[in-house]
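Just the structure for this:
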Amino acid sequence: MQAVQDFFVGEWYFSVPLVVMSLIAAALVIWRLLLNVSARTDMDDFLPVFQETLRKRGVKGAIELCKEEKGLIPSRLFVAGLEASDQGAAAMRRSMANEAELEILPRLQFLLAPILAIAKIATMVGLFFTVISMINTFDAIGQESKAGKAREIGGHSSKIGLALFATALGLFTAIPLVFSHVLFKEGITRFETRIKAASQKLVTLVTNFKKDPKLLDQKKDDEEDERPPARATRGGARRG
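Purely as a prediction, here's the structure:
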């Protein structure tokens, strides 16, 4: 602990930039997490409400409902598809594909580049500070060796250890950032899958609505028809 304190106090010109980068990186990760939470919508809860609204209030009512949601799929994807619904299913797919590529995915990738940049820079900065400190330390050792002060050379060993704290602090900043970046990218991939599924679902619902609003309840009716008939009671079987 004393060595760490000596590094932050005695080598403050090394530690301060790395600490600042760590704090900025932590703020960016927290900001990205909050944006991810606000971008999500529980589609299992939303779709039944959307389906009922579409059946009763039509496309305009469904658009108003989607605009009230905070999630990206209802507020951006569904709105883009519904606004193009008058032109047919193909137009809906094109509109939703453009919306996903130009609006939704860039929003999901927001802050990922700075997070990865800080992770790489922190590692290089920590290593750079270590190299500078090591050069200064070995230069001091060489000067004292020429002056015949061999006893004082051993005192520089602690400075070598302090120099390595810069690299350690850089890695301490970079490792969580790289891990967070990988998780965010994996989350974007899963969100893209949800976008494709939601797009197909919306096209199916709107197509059925245009044919006959009652078709929106067809799935429920089909599920009831597919249920196996109830078994006859033993008493009833005997009477038969």
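
Only C-alpha atoms from now on, for both contacts and neighbour counts.
Fine.

Can you tell me how far the closest residue to residue 74 other than its chain neighbours is from residue 205?
Distances taken as Cα to Cα, 6 or more residues apart in numbering place residue 66 nearest to residue 74, at 4.9 Å, with adjacent residues excluded. Noted for residue 66: a distance of 14 Å to residue 205, by Cα to Cα, to the nearest Å.

neighbour count winner among the two?
Between residue 66 and residue 205, counted using other Cα atoms under 10 Å, the more crowded position is residue 66 (22 against 18).

residue contacts, residue 53?
Remark: with contacts taken as Cα atoms under 8 Å, 6 or more residues apart in numbering, residue 53 is in contact with 61, 62, 65.

Whichever of those residues end up buried, select them in ChimeraX.
In ChimeraX, a selection of the buried entries from these looks like this (16 or more other Cα atoms under 10 Å):
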select :62,65
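
Show me where this protein dips below the pLDDT cut-off.
By pLDDT under 70, the weakly predicted segments of the chain are 1-12, 140-162, 212-240.

secondary structure element for the residue nearest the centre of it?
Nearest to the mean C-alpha position of the chain, by Cα atoms, centre = their mean, lies residue 184 at 3.4 Å. In this structure, residue 184 is located in helix 157-211 according to DSSP states H and E.

by contact count, what packs against that helix?
Where contact means 3 or more Cα pairs under 8 Å, 6 or more residues apart in numbering; DSSP states H and E, helix 157-211 is packed against helix 2-10, helix 12-39, helix 43-68, helix 79-83, helix 89-99, helix 112-146.

and the shortest one, how far from the chain's centre?
So the one you mean is helix 79-83. The offset between the C-alpha centroid of helix 79-83 and the centroid of the whole chain comes to 25 Å, using Cα atoms, centre = their mean, to the nearest Å.

Check the second one too.
For helix 12-39, the gap between its own C-alpha mean and the chain's C-alpha mean amounts to 15 Å (Cα atoms, centre = their mean).

between it and helix 157-211, how many degrees?
Angle between the axes of helix 12-39 and helix 157-211 is 10 degrees (criterion: axes from the mean of the first three to the mean of the last three Cα atoms, to 10 degrees).

buried residues in helix 12-39?
Of the residues in helix 12-39, those buried under the neighbour-count criterion (16+ other Cα under 10 Å) are 14-15, 18-19, 21-22, 25-26, 28-29, 32, 36, 39.

Just put these in CSV and tack on distance to residue 136.
Converted to CSV, the buried residues of helix 12-39 look like this (distance: Cα to Cα, whole Å):
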residue, distance to residue 136
14, 13
15, 17
18, 20
19, 22
21, 24
22, 26
25, 30
26, 32
28, 35
29, 36
32, 40
36, 46
39, 50
